[in-house]
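Chemist: Return atomic coordinates for the entry below.
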Amino acid sequence: MANTETESEFSQGEIDALVKEHDSESNFRDLAGKVALLVTVCSVGLSLFHVYTAGFGLLNEIAHRTIHLTVVLGLVFLVFPRKRAEPTKKIWIQSAMFAAFYSYLALSLFKSLEPTLPNILGLLAIGVLIVLTLPFPGSSKSSQSVAGRDWIFAVCAAGFSLYLTVFFEKIFIINVGEPGNTEYLIGLVAIIMTLEATRRTMGSVLPVIAVITVLYALAGPYLPGILAHRGYSIVRIINHLFVGTEGIYGIAVGVVATYVFHFVLFGILAQMSGLGQLFIDLASIIAGRYSGGSAKVSVVSSGFFGMISGSPIANTVTTGAFTIPLMKKSGFSARFAGAVEASASCGGQVTPPIMGASAFVMTEMLGVPYNEIILIAIIPAAFHYLAILLMVHLEAKRLGLKGMSADRIPQFKAVFSRSWHLFIPLGAMVALLLMQYTPFLAAFWGIILTIVFSYVPILTNMVGKANMDTSYVLTPKKLVIGFEDGAKFALAIGAACACVGFLLGAMTLTGLGFKFSAAVVDLANDMATVIASYDFTGLLSQQAMALFFGLFFVALACIIMGAGIPTTPTYIILASIAAPALNDFGIPLIATHFFVFYFGVLADVTPPVALAAYAAAGLSRADAMQTGITAFRLSMGKALVPFMFVYAPSLLFIDFNAVEFISALLGGILSIVALSSAYIGWFGKDFGTGGKLLLTLGGLLLIVPSLSVKAVGLVLVVGYLFILNRR
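Modeler: From the prediction side, this is the model:
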């Protein structure tokens, strides 16, 4: 009988430790006692609040977002530890720089407010808060313990949103547009605590970007050239960021509070109900028997799970704990095994129908129906997985590896008989989305049905129909754990999206997005002019070269800005700043958003900050940097396909043209074959550097829209592969 259970050589403790090391979103404290009880109550309460509002109606925009952030930011300082109990010199310097920034804002606000006693006392209290942000050793010797200042931070972080919730009518109805001194003081606390919450959960990259944008808004008149603007006072900036929906409570927090949170919770509960095991079993059935089957199982299962997982890193470690050891035992190198898992896990973020909840964010930002978003996403995702599977297949053939043994592949009948009920919640949720019900209502029914149908094994065993595994039943105790974990996994992305509000708010004030667009267009045109001056053949038009360099610069900016930041805030940032630059080249709006989204996701496997690849390297025990480089190469399809659909929008079913679609589709497939063969160095036979260069050139030419250029690429690729195998 086939072995239907997948075993891991890693303990749960080792898996959890690896997730904490590489995924800052999952680096939770090990709490106990009354603090743990408080965190559990607040986390479960937050999850229940979102489940209830998803099913029975959301609150008004501001109230819903403020209640969400009250709990989220308050929990951050209880759930997430300081980076180290004893701070390093680097952490001291970083914290001192942030404290200096906070002090500058406080002094600027002091000059703007009347010197009354309440204002002075308020600013003195803020000064104490700023001092507490410095990383001097607390009374606790361990960063895992909740120190006194963590409680102060938690109260302040929860307090500024709670203030807006309690005094909603006064601030947003009676005194709308005219905040008082109290609102300005609390607004400054909001800026400080949002940045500190993001630093604690995500590191300093995103907070530094946010600080730069605030300083940019303040220093406008003193900046040179295109960067200059009128400048804004600290009072205006606090008003813009804190009161209203342009800053902290903007669209980024809105999509987390209404879309992302629900699907994070659904993913947690679905995995607890056995869906992760089902995905691995189905992947084994689909791909296990073929050459290099263990790696193909990794690709398929990670793609399945990645669709409902909001974290590529957690996905890498969760599925990789099973698939990476299996790949190594099959004969793949440790480096290649880790890279396959990382690349496939990141691919889940671009795979419909869920796309790690990014599809719903796109729907919100573009105003395009969900049905159209997932239709548009199909071919780009297919290209990504075609590239990975083809490289896995070629590497397996080169090494002479076989498929998985029959006893390792489960029987479909056995899998279906014990797991059929797990298809219903996912199927119902997708059906509701396709019927254009709201995403949060679809998630509500997905969560409810996951809980209800998890009890099917118990009912089936009671009536004697079968002997089903009841270990995945979501008992009340497990539900509490699931609701708590769902809330905890949403904390980091909630803090990050609140911080993203600084960027979006500064953009609406200063026009930063338009300035970035102008800079990219000017730089691309300058580069195109230089290249065209050296082109004596006349084959390279300046317009085409400007488009290419514009795409290249935006792609580079996306990878840099996406480093170490979760997928959802990355996409929101890039869609607001980088995507408008491509609109100036006449590229359709949807294509620009997909372009920046793809390259933002690619950051997780792009060294030097390839977090998913580094997590996979921890499981495979391979060199982290080499694993990252290999994962980037395996993600070649994800790097190429954005250029393909920009040059041929028909691939996204935009302004559809059958000839363009077929030409781009066939050219893309052959390009991936050529580039995959070039990377592996094998296509029926081994070949050397010359063949790799020739296939790389031919593969790149095949994605160029010009039919004459495609023809040259076709001759190079087909001709070389034919001659190679004739030999």
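Chemist: excluding its backbone neighbours, what's nearest Val35?
Modeler: Once flanking residues are discounted, Val35 sits nearest to Val146: 5.4 Å by Cβ to Cβ, 6 or more residues apart in numbering. Bear in mind the C-beta positions are built from the backbone N, C-alpha and C, glycine included.
Chemist: Just give me the longest helix of this protein.
Modeler: Of all the segments of type helix in the chain, defined by DSSP state H, the longest one is helix 476-510.
Chemist: Which element is encountered next along the chain beyond it?
Modeler: Next along the chain after helix 476-510, taking DSSP states H and E as the criterion, comes helix 512-533.
Chemist: Quick one: distance of the very next helix or strand once past that following helix to the chain centre.
Modeler: Using DSSP H and E, the helix or strand that follows helix 512-533 in sequence is helix 542-561. For helix 542-561, the gap between its own C-alpha mean and the chain's C-alpha mean amounts to 22 Å (Cα atoms, centre = their mean, to the nearest Å).
Chemist: again with stretch 196-216
Modeler: That offset, for stretch 196-216, works out to 17 Å (Cα atoms, centre = their mean).
Chemist: now do stretch 210-222
Modeler: 27 Å.
Chemist: Then stretch 623-632?
Modeler: Centroid displacement of stretch 623-632 relative to its chain, using Cα atoms, centre = their mean, is 19 Å.
Chemist: next one: stretch 481-499
Modeler: Taking Cα atoms, centre = their mean, one finds stretch 481-499 lying 13 Å from the centre of the chain it belongs to.
Chemist: same deal with stretch 109-124?
Modeler: Taking Cα atoms, centre = their mean, one finds the center of stretch 109-124 at 41 Å from the center of the full chain.
Chemist: Identify all contacting residues around that stretch.
Modeler: Ala106, Asn181, Thr182, Tyr184, Leu185, Leu188, Ser233, Ile234, Val235, Ile238 (Cβ atoms under 8 Å, 6 or more residues apart in numbering).
Chemist: mind redoing it with 6 Å?
Modeler: Contacts with stretch 109-124, where a contact means Cβ atoms under 6 Å, 6 or more residues apart in numbering, come from Ala106, Asn181, Leu185, Leu188, Ile234, Val235.
Chemist: Over to stretch 407-425?
Modeler: Contacts for stretch 407-425 (Cβ under 6 Å, 6+ apart): 2-4, 274-275, 278, 281, 284-285, 288, 446, 449-450, 453, 456, 468.
Chemist: what's the answer for stretch 581-590, then?
Modeler: Residues contacting stretch 581-590 (Cβ under 6 Å, 6+ apart): Ser517, Val520, Val521, Leu547, Gly550, Val554, Thr592, Val646, Pro649, Ile654.
Chemist: try stretch 671-682
Modeler: Under Cβ under 6 Å, 6+ apart, the answer for stretch 671-682 is 386-387, 390-391, 394-395, 398, 633, 636-637, 683, 692, 695-696, 698-699, 702-703, 717.
Chemist: Report the buried members of the residues you listed.
Modeler: With burial judged by 16 or more other Cβ atoms under 10 Å, the buried subset of those is 386-387, 390-391, 394-395, 398, 633, 636-637, 683, 692, 695-696, 698-699, 702-703, 717.
Chemist: rewinding a little: among the contacts of stretch 109-124, which two are most distant?
Modeler: Largest separation among the contacts of stretch 109-124 by Cβ to Cβ: Ala106 and Asn181, giving 13.7 Å.
Chemist: The two: who's more crowded?
Modeler: Set Ala106 next to Asn181 and count neighbours by other Cβ atoms under 10 Å: Ala106 wins out with 20 against 16.
Chemist: residues in contact with that one?
Modeler: By Cβ under 6 Å, 6+ apart, the residues touching Ala106 are Leu123, Ile126.
Chemist: May I ask which helix or strand encompasses it?
Modeler: Following DSSP H and E, one finds Ala106 within helix 89-112.
Chemist: how many degrees apart are the following helix or strand past that helix and helix 89-112 in direction?
Modeler: Next helix or strand after helix 89-112 toward the C-terminus (DSSP H and E): helix 117-132. Angle, helix 117-132 to helix 89-112, by axes from the mean of the first three to the mean of the last three Cα atoms, to 10 degrees: 170 degrees.
Chemist: Going by neighbour count, list what's buried in helix 117-132.
Modeler: Asn119, Gly122, Leu123, Ile126, Leu129, Ile130, Leu132.
Chemist: can you dump the C-alpha coordinates of stretch 278-289 into PDB?
Modeler: Provided in PDB are the C-alpha atoms of stretch 278-289 (Å, rounded to 0.1, in the frame of the first residue of the first chain):
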ATOM      1  CA  LEU A 278      -3.700  17.500   0.900                       C
ATOM      2  CA  PHE A 279      -1.700  19.800  -1.400                       C
ATOM      3  CA  ILE A 280       1.500  17.700  -0.900                       C
ATOM      4  CA  ASP A 281      -0.500  14.500  -1.600                       C
ATOM      5  CA  LEU A 282      -2.000  15.900  -4.800                       C
ATOM      6  CA  ALA A 283       1.300  17.200  -6.000                       C
ATOM      7  CA  SER A 284       2.800  13.700  -5.400                       C
ATOM      8  CA  ILE A 285       0.100  12.200  -7.500                       C
ATOM      9  CA  ILE A 286       0.400  14.700 -10.300                       C
ATOM     10  CA  ALA A 287       4.200  15.000 -10.600                       C
ATOM     11  CA  GLY A 288       5.900  12.400  -8.400                       C
ATOM     12  CA  ARG A 289       6.200   9.600 -10.900                       C
END
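Chemist: Counting neighbours, which bits of it end up buried?
Modeler: Residues of stretch 278-289 classed as buried by neighbour count (16+ other Cβ under 10 Å): Leu278, Phe279, Ile280, Asp281, Leu282, Ala283, Ser284, Ile285, Ile286, Ala287, Gly288, Arg289.
Chemist: Out of these, list just those in helices.
Modeler: Those of those lying in helices (DSSP H): Leu278, Phe279, Ile280, Asp281, Leu282, Ala283, Ser284, Ile285, Ile286, Ala287.
Chemist: Quick check: the farthest pair among those?
Modeler: That would be Leu278 and Ala287, which, of these, are the farthest apart (Cβ to Cβ) at 15.0 Å.
Chemist: shaky segments in the stretch 401-550 of the chain?
Modeler: 464-466, 535-540 (pLDDT under 70).
Chemist: The same query, at a cut-off of 80, please.
Modeler: 463-469, 513, 532-542 (pLDDT under 80).
Chemist: same check, this time on the stretch 51-200 of the chain
Modeler: For the stretch 51-200 of the chain, the stretches with pLDDT under 80 are 83-88, 136-144, 172-179.
Chemist: again, but for the stretch 601-727 of the chain
Modeler: 603-604, 606-611, 637-638, 725-727.
Chemist: how about 70 then?
Modeler: Along the stretch 601-727 of the chain, the model assigns pLDDT under 70 to residues 727.
Chemist: follow-up on the earlier one: which ones among the buried ones among the contacts of stretch 671-682 lie within helices?
Modeler: Per DSSP H, the buried ones among the contacts of stretch 671-682 map to helices at 386-387, 390-391, 394-395, 398, 633, 636-637, 692, 695-696, 698-699, 717.
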